[in-house]
Each structure stands twice: as structure tokens, then as C-alpha cells.
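Asker: here is a sequence together with a model predicted from it:
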Amino acid sequence: MSKDDLREKYLELKSYTKVTRSVAADRGLQFQDLIESLFDREEILLRRSYYTSDNKSEQIDCAIQINTRVILVEVKWVESNIAASDLYAFAGKVQNKLEGTLGLFISKEKLSENFLAALSKGRRRNILVVHGDDVESFFDDDFAIKMYLQHILLALSIDNLNHYPASDFKNNRQRLITLRDEEKQLRQKKDEVFSRYLDAILRDDELTDHNIYSHIQTMNTETKAKVIRYLLQKYPDYRKAHDDFLLQGSAKLTNVERTLTNVLRLREVLEVTFQDYFKAFSETRYPYLLVDLFWDVYTAYRDKLPGDLSQSFHNAIAASLETYSGDYNAANIISKRVQELWGEFEKNTKQRLVSCYIDFLLSNRRPDFSQIEVGKRLLFQNKDDEIEAMVEEWIEHSIAEESQEYDIIVNDFERPSRSFAHRTKRLRRAVGLSEEEWKTYIHKKYRHQVENRQR
């Protein structure tokens, strides 16, 4: 079957409205067959659905091979939440096989965060997961399933990830394709010192500091500034491609960072590029533009920024923390800058940041992370009426959302009020209350919110 035929059949399965138990079972089998056909088209299918030969004790949906690794596949189309027992049963099938065998759990429906977290809880990781929107991508014409699965295998082997979304893979791969196209265009402009230099550093051969310094010495200030402006725009893309294991080795990123280190020592270059730096961060909001490599040389120019650019930069700090809140390293980098810049932020920016730090403090993140330390410093150690008011605003907004979402009424708010007070008890220090005072405070807030909503 062609990819178009497979996608048409998949859309037909999605269109079912009245799904009885027997229809659901049949749909599950047809979905499994579609997944097997996709793998067959990618030439990675080892075996379609089968039973193990030891008295047919285990049923395996199919088996594939990626990078010489044998991967057993479980395919699920379940409308409601999949039970963790399904995962553990599949993990048991995988563990019964030769050491090194992996599992791939495919769910048509999006899995919960708790389900994904259970993958690594107290056990060695051997299960990859594809679910929700990832499955939709499988049926796209231009989606490279084999390459995606290779990338999942690489990413989860190197990093502590539970899942690598297909959307991230597609976006990062497209970014890499764009970078390569731009590199080709640079090579066609051999007559320019600027183009020749970028062509030299954007290859897969690592250059020494001496080589880079020698190249830079042949440039005038205008060309050096041109190189910096280009790299300020492209550094996030090269860094992301490297961090997402899309670059072959680290030579390109190393050459880019060595160039930045050498050229950003030059005051005459900083004088004409500092606005470009703050614009680059304001546009990309990419946390790694805030690392010491850039910040230590450009921070002294903050007082020279036009008012609108300064405000855009501050807003970008808050937006970056909101966007990258799930990336611990990124959140730590941003938090270092938040601590330095706090006194310069306007009220709206501070409110957004306070909301982020409240979320961090109520999470199970390690207490030695910079984001947690900065959050404690801002919310607990600063005796600041403005911050206390922002915490109160967050509490009221959260209670309003919760009471509305669960349609809590006056006669039934005691239990959710106690639950909310327990979950958020760390915040009592921000408003200077004891544990008992906190419970009373939340009780009043909750009652007031529910009563107002019912009027």
C-alpha cells in the first residue's frame, strides 16, 4: 500500500463515532496492521504479529530493527487512559528476551506525564514511546519514520528523557536543512573574506584556536562585526542542532564558539554589535544566548540600549523562562540573569517571572538548582510588598481556575480547599504565615472565590 492509502485508512479509523467493544478491538487490529505496513515501507520490519514459540505464552505485535538493535513493538488504540499495568506487562515481555532487546510502545492516544515517568521509575530504561501527535506524524508524506526512531534511540541513550516528540524532530531537522542550504550559499561567495571564513568554520573539521585567530587577523572591524552579527542569529540553531544530536560531531559548534570567544574580546566589535546581541535574544528568546560567553561582554552595554529595545529584552527574559521552564539547564541560565536584572524589570514582567518561580518551588525539582535558589531568594528572603501582592494574585487566580474547572460549590469546598493549602504550603513563607494561619488564609480565599462565582 502507498503512504496515501495508509493515511486514508488511518483517517477512516479515526472517523468511527459509535465504537462498541468489538468495533474497538477490530480497529485496534487494523491500526496495528497499518503500523506494521509503515515499518515495512521503511524496510525496518523484521516480523509481523506473532506468538513466542514457548507454548505461545506471549503475543508480540511486531518486531523491527534499528541500527542493529532488535525492538519489540506494542501498539495500542485505547480511548481512555492506558493503565500502567499494560506498560509493565510489555516491559516484562521485553525483559524476557536476550539482553539488549528494546521495546517500542505506540499509543494512538496521548499518554499522561505520570505514565511516561513510570518508564524510568526504579528500573533500567528499555522502552521507547511514540504517542498522540507522534502517531499523526507517522502518516505524513515527508516524515522519515526510520530516521525519527534512530534519533529517539540516540537521544534517550545519551540523555535522561522519557520521550522525544516527533514535532521536535521535524522542526529541528528542518532547521538543520535550512542551515545546510545557507552554508552552500556561503560557499558560492568565495570572493568575500566574510564568506570564506564562515565556510571554513562551518565544516566538519575542528579548527584550533590558533587557526581561528589567524583567520580573524586578516579581517577589518567591519568584517569581524559582520561575522558576529551572522553568528548571533545562527548560534541558537547550531546549538539546538548539536544538543539534539543532529550534527555529526561537535566541530561546527566548537568552531563557532571559538570564533565568538576570540572576536568578542575586541572592544571595537562590541561597540558596533551590542544592539544586535540584545535584538537577537529578544527575537529568538534562546536561553543559551544568555550564557557567560555573551553576557560577560555585552552586559556592560545595557545602559546604552534604546528604551524600546531594553523593554523588549526584559519581556523576552520572562517569555524565555515560560517557554523553557521544563529545561532545567535553560531555566538555570535564565535565572542567573533574572537575579541580576530584577530591579530593572517592570511590574508585568515581574509578575510573569513570579508565576514561573512559584511553579518551580511547588515542583519536585532539586533544591540546589539555580532556578530554585533564585525563586526562594525572590519570594521568601525579599521582604517586598510588591512580591507578596503578586503571590496573592497567583493564589487567587489559581483558586479561581481550579474551582471553575471542577465546578466546586459552597457546600463542597472544604476538601479542595484543604488539598490546595497542602499542595501550596511552601508559599506561606512568601506571605509570612504559620502553617495554621496558611490553612485559614486559603480557606477564606477559596470560600470567597466560590461564593463570588455562584452569585
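Answerer: Looks like it came in fine. Numbers count the residues shown, from 1 in each chain.
Asker: quick one: low-confidence parts of this protein?
Answerer: Counting by pLDDT under 70, the chain has low-confidence residues at 55-56, 80-81, 120-123, 190-191, 409-410, 454-455.
Asker: tell me where it has strands.
Answerer: Using DSSP state E, the strands assigned to the chain run over residues 45-47, 50-51, 59-60, 62-66, 69-76, 102-107, 127-131.
Asker: let me see the domain layout of this protein.
Answerer: The record assigns the chain these domain ranges, following automatic domain parsing: 3-164, 169-357, 390-454.
Asker: gap between the two ends of the longest one?
Answerer: Spelled out, that is domain 169-357. End-to-end distance for domain 169-357: 29 Å, by Cα to Cα, to the nearest Å.
Asker: one more: stretch 133-143?
Answerer: Start and end residues of stretch 133-143 are separated by 13 Å (Cα to Cα).
Asker: one more: stretch 277-297?
Answerer: Distance across stretch 277-297, first residue to last, is 10 Å (Cα to Cα).
Asker: what's next to it, contact-wise?
Answerer: With Cβ atoms under 8 Å, 6 or more residues apart in numbering as the contact definition, stretch 277-297 has outside contacts at 232-233, 235-236, 239-240, 257, 260-261, 264-265, 270, 298, 301-302, 305, 309-310, 312-313, 315-316, 319-320, 323-324, 327, 329-331, 333-334, 336-337. Glycine gets a C-beta too; all of them are placed from N, C-alpha and C.
Asker: cool, and stretch 137-146?
Answerer: Residues from elsewhere that reach stretch 137-146 (Cβ under 8 Å, 6+ apart): 3-4, 6-7, 10, 35, 38-39, 42-44, 66, 130, 148, 166-167, 170, 173.
Asker: one more: stretch 112-120?
Answerer: With contact meaning Cβ under 8 Å, 6+ apart, stretch 112-120 is reached by 81-82, 84, 87-88, 125, 127, 129, 160, 162-163.
Asker: just the buried residues from those residues, in ChimeraX please.
Answerer: Selection of the buried residues among the contacts of stretch 112-120 in ChimeraX, burial being defined by 16 or more other Cβ atoms under 10 Å:
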select :82,87,127,129,162,163
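Asker: kindly reformat the contacts of stretch 112-120 as a markdown table containing distance to residue 378.
Answerer: Output for the contacts of stretch 112-120, formatted as a markdown table (distance: Cβ to Cβ, whole Å):
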| residue | distance to residue 378 |
| --- | --- |
| 81 | 37 |
| 82 | 40 |
| 84 | 37 |
| 87 | 39 |
| 88 | 41 |
| 125 | 36 |
| 127 | 39 |
| 129 | 36 |
| 160 | 28 |
| 162 | 30 |
| 163 | 31 |
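Asker: of all the contacts of stretch 112-120, which comes closest to residue 22?
Answerer: Closest to residue 22 out of the contacts of stretch 112-120 is residue 82 (19.7 Å), distances taken as Cβ to Cβ.
Asker: surely that closest one touches residue 109?
Answerer: Yes: using Cβ atoms under 8 Å, residue 82 is in contact with residue 109, at 7.3 Å.
Asker: ranges for the helices of the stretch 151-300 of the chain?
Answerer: 166-187, 193-201, 209-217, 221-243, 251-263, 267-284, 292-298 (DSSP state H, counting those that start in this stretch).
Asker: now residue 29: how far from residue 94?
Answerer: Distance of residue 29 to residue 94, given as Cβ to Cβ, to the nearest Å: 21 Å.
Asker: actually residue 41, not the one I wrote
Answerer: Between residue 41 and residue 94 the computed distance is 24 Å (Cβ to Cβ).
Asker: okay, the two: which has more neighbours?
Answerer: residue 94 (19 against 15; other Cβ atoms under 10 Å).
Asker: was I right to think residue 230 contacts residue 201?
Answerer: No: contact criterion Cβ under 8 Å: residue 230 and residue 201 do not qualify, at 10.7 Å.
Asker: more neighbours: which of these two?
Answerer: residue 201 (22 against 18).
Asker: if I pick the closest residue to the more buried one other than its chain neighbours, what's in contact with it?
Answerer: In space, and not counting its chain neighbours, residue 201 is closest to residue 255: 3.8 Å by Cβ to Cβ, 6 or more residues apart in numbering. Going by Cβ under 8 Å, 6+ apart, residue 255 touches 200-202, 206-207, 212.
Asker: are any of those residues buried, and which?
Answerer: Among the contacts of residue 255, those buried by neighbour count (16+ other Cβ under 10 Å) are 200-202, 207, 212.
Asker: same list, those residues, but as CSV with distance to residue 73 please.
Answerer: Output for the buried ones among the contacts of residue 255, formatted as CSV (distance: Cβ to Cβ, whole Å):
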residue, distance to residue 73
200, 45
201, 42
202, 39
207, 44
212, 47
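Asker: among those, which pair sits farthest apart?
Answerer: 202 and 212 (12.4 Å).
Asker: now, among the buried ones among the contacts of residue 255, which is nearest to residue 414?
Answerer: Here the nearest of the buried ones among the contacts of residue 255 to residue 414, counting by Cβ to Cβ, is residue 202; it sits at 63.4 Å.
Asker: so that closest one sits against residue 185, correct?
Answerer: No: the pair residue 202 / residue 185 is not scored as a contact, 11.2 Å apart, by Cβ under 8 Å.
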